[in-house]
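Q: Show me how the following folds:
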Amino acid sequence: MSIVAILKQDYQRFPTNQTYSIYADDVYFQDPLTKFRGINHYKKMIWFIQQWFLNPKMDVHYIQQQENTIKTEWTLSWNTPLPWEPRIFISGSSELLISPQNVIVSHIDYWYCSPLNVLKQHLFAGKSQ
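A: So this is what the prediction gives:
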């Protein structure tokens with residue numbers, strides 16, 4: 001099965017039962033809030049989302065591989081466990097680099113909104129339905 005096919009399946013059930021074997025042990029991850037190296041840090045980030053976000057959902061709008069690069073566009077949403085349970089939305093894109101050994105060595109997320117916008121969603125959102 002191709003990495004793109006595995007990613008499509010993983011995104012549908014995100015953040016549970018992710019396929020970590022498609023990532024290099026020293027995978028590099030970066031988004032607007034954090035950057036790190038290593039599959040164990042990546043697993044901890046996914047665990048954090050699974051434990052602390054309510055109803056997380058990853059909607060993938062586009063995914064395509066060209067040579068050693070996979071590009072995606074997506075919207076991540078969740079309810080934050082605050083008393084009013086705001087529904088938060090982050091739209092963005094990812095660029096994943098594939099090694100000659102056919103594993104992901106770099107995963108960089110770009111958000112189409114600022115971290116400040118995400119904070120504002122928490123403060124000014126009404127109670128979710």
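
Q: Any regions of this protein where pLDDT drops low?
A: Along the chain, the parts satisfying pLDDT under 70 run over 126-129.

Q: Helices of that one, residue ranges please.
A: If DSSP state H is used as the criterion, the helices of the chain fall at 3-13, 39-52, 115-124.

Q: what is the orientation angle of the second one with helix 3-13?
A: Orientation check (axes from the mean of the first three to the mean of the last three CA atoms, to 10 degrees): helix 39-52 against helix 3-13 gives 30 degrees.

Q: Residues touching helix 39-52, excluding its own?
A: Outside helix 39-52, the residues that touch it by CB atoms under 8 Å, 6 or more residues apart in numbering are 15-16, 18, 20, 23-27, 29, 34, 36, 56, 78, 81, 107. Every C-beta, even on glycine, is put in place using the N, C-alpha and C of the backbone.

Q: Out of those residues, who's the most crowded?
A: With neighbours set by other CB atoms under 10 Å, the maximum within the contacts of helix 39-52 is found at residue 27, which has 23 neighbours.

Q: My guess is that residue contacts residue 99. True?
A: No. The criterion here is CB atoms under 8 Å, and residue 27 misses it with residue 99 at 9.8 Å.

Q: anything in contact with each of these two?
A: Counting by CB under 8 Å, 6+ apart, the common neighbours of residue 27 and residue 99 are residue 105.

Q: Would you map the strands across this protein?
A: Ranges of strands in the chain, per DSSP state E, are 23-30, 35-37, 54-66, 69-79, 87-98, 104-111.

Q: so how far is the third one off the chain centroid?
A: Read that as strand 54-66. For strand 54-66, the distance from its own C-alpha centre to the chain's C-alpha centre is 8 Å (CA atoms, centre = their mean, to the nearest Å).
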